[in-house]
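# pasting the structure only:
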């Protein structure tokens, strides 16, 4: 994944195209969930496909500027960032609310004995 | 699957009792859980719908849908005409699962014209016929180089086109997605529609490969 040849540089975009045969669609379950949430919010009318593409494009540009290799391996990080951004922009949830909820999940994981279903307390 | 990154950067030192509590998922997974739980509470998403969507995209939709469209266009001249004049409608005839309302334009390769699809902004892709895009389609090198140097990109994919072949690059948007109808390979006259569909690859419908005869 972290090929030094693809590390951020002025022409990261001009690097060879990295391809892998038979790669899984999603490397981790959260990737599928993030994408599914983005689709569900569009279907719920929270934003449209154009707003989504713009937000995703902007998230990719922000990540590139911050040194992300943008070689496809970090794509779902961009999806998640775009989703968080749009949710805030559309006043569905504030950054503080998202952060507090994440902490609540961390707390739930740390106080749930191994093997038991993790639920918000 | 999960990497179990223990990022206890929030105050108390829990490093000593890792084993007794549930393993902490990686940061993005926690952020997704935060979003999903908040959005569910607000009634904006239904967890069952989310799971169903994932299942559909993981197992039911893939490039096979697109391959059926292409094979049908190869064997049925009337369907080919409908596909090229109104892709969305012609694909709709085949009644696939998936997202509705995506406009799909079918672009046909000929001995003189080769079509290549990209999304320079992000990753717009005809999901209903090709499933989810491969990682390289979403990568910066492909997104920029497909436009700057399509011939070089095709070469990298192992496809060298004769000089006289004109390459058309289609930049997808949220509103319009493209499906390449590759050329039917020579020597496949006796194959059935189903056998033909089996030859059509995802890459050939993005335009980075040709369909090879069996």
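Cool, the structure landed. Quick caveat, the model's predicted, so the values are computed rather than measured. Numbering: from 1, shown residues only, chains lettered A, B, ... in the order given.

# Which parts of chain B are helices?
Per DSSP state H, chain B carries helices over the ranges B:27-41, B:47-55, B:63-75, B:77-85, B:87-92, B:127-130, B:140-148, B:150-156, B:193-199, B:202-206.

# Please tabulate these in a markdown table and include mean neighbour count, mean pLDDT and distance to chain A as additional columns.
For glycine as for every other residue, the C-beta is placed from the backbone atoms N, C-alpha and C. Supplementary listing: the helices of chain B in a markdown table, determined by neighbours: other CB atoms under 10 Å in any protein chain shown; pLDDT from 0 to 100; distance: least, CB to the nearest CB, whole Å:
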| stretch | mean neighbour count | mean pLDDT | distance to chain A |
| --- | --- | --- | --- |
| helix B:27-41 | 20 | 96 | 4 |
| helix B:47-55 | 15 | 86 | 5 |
| helix B:63-75 | 23 | 95 | 12 |
| helix B:77-85 | 15 | 98 | 22 |
| helix B:87-92 | 19 | 93 | 14 |
| helix B:127-130 | 24 | 88 | 9 |
| helix B:140-148 | 21 | 95 | 4 |
| helix B:150-156 | 17 | 96 | 6 |
| helix B:193-199 | 16 | 96 | 17 |
| helix B:202-206 | 24 | 96 | 9 |
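
# Among the ones you listed, which comes closest to residue B:110?
Proximity to residue B:110, assessed across those by CB to CB, is greatest for helix B:77-85 (11.4 Å).

# Geometric centre of chain B: which residue is closest?
For chain B, the residue nearest the mean C-alpha position is residue B:133 (3.1 Å; CA atoms, centre = their mean).

# Any figure for the gap between that one and residue B:143?
For residue B:133, the distance to residue B:143 (CB to CB, to the nearest Å) stands at 11 Å.

# for residue A:35, same thing?
Distance, residue A:35 to residue B:143, using CB to CB: 18 Å.

# Over to residue A:80?
According to CB to CB, residue A:80 stands 19 Å off from residue B:143.

# Excluding chain neighbours, what is closest to the residue nearest the centre of chain A?
By CA atoms, centre = their mean, chain A has its centre lying nearest to residue A:80, at 2.2 Å. The spatially closest residue to residue A:80, leaving aside those adjacent along the chain, is residue A:34, at 4.6 Å (CB to CB, 6 or more residues apart in numbering or on different chains).

# Residue B:28 is in contact with that neighbour, correct?
Yes - the pair residue A:34 and residue B:28 passes the contact test of CB atoms under 8 Å, sitting 7.5 Å apart.

# Tell me which of the helices of chain B sits nearest to residue B:165.
Set against residue B:165 and scored by CB to CB, the helices of chain B come closest in helix B:150-156, at 9.2 Å.

# circling back: name the nearest residue to the residue nearest to the centre of chain B, ignoring sequence neighbours.
In space, and not counting its chain neighbours, residue B:133 is closest to residue B:125: 4.3 Å by CB to CB, 6+ apart.

# who's in contact with that neighbour?
Under the criterion of CB atoms under 8 Å, 6 or more residues apart in numbering or on different chains, the contact partners of residue B:125 comprise B:119, B:132, B:133, B:137, B:172, B:177.

# Residue B:194 now?
Taking CB under 8 Å, 6+ apart as the definition, contacts of residue B:194 comprise residue B:71.

# how close does it sit to residue B:75?
The value you get for residue B:194 to residue B:75, if CB to CB is used, is 10 Å.

# Then residue A:46?
Residue A:46 is 42 Å from residue B:75, by CB to CB.

# One more: residue A:95?
With distances taken as CB to CB, residue A:95 is found 55 Å from residue B:75.

# With residue B:155 instead?
Computed as CB to CB, the residue B:155 to residue B:75 distance reads 31 Å.

# now residue B:184
Residue B:184 sits at a distance of 9 Å from residue B:75 (criterion: CB to CB).

# For the two, list the residues in contact with both.
Going by CB under 8 Å, 6+ apart, residues that sit against residue B:184 and also against residue B:75 are residue B:196.

# what's residue 121 in contact with, if anything?
No chain was given, so I picked chain A. Remark: with contacts taken as CB under 8 Å, 6+ apart, residue A:121 is in contact with A:104, A:107, A:108, A:111.

# actually chain B
Contacts of residue B:121 were listed using CB under 8 Å, 6+ apart, and they are A:53, A:54, A:56, A:57, A:60, B:143, B:173.

# Out of those residues, which is nearest to residue A:16?
For residue A:16, the closest of those turns out to be residue B:143, at 13.6 Å, with distances computed as CB to CB.

# nearest residue to the closest one other than its sequence neighbours?
residue B:120 (5.2 Å).

# OK, contacts around that neighbour?
B:143, B:144, B:146, B:147, B:171.

# Domain map for chain B?
B:28-60, B:62-206 (automatic domain parsing).

# Tell me which of those domains sits nearest to residue A:74.
The closest approach between residue A:74 and any of these, judged by CB to CB, belongs to domain B:62-206 at 9.3 Å.

# For that closest one, measure first residue to last.
Across its full length, domain B:62-206 reaches 13 Å end to end, with CA to CA, to the nearest Å as the criterion.

# Thanks a lot, see you next time.
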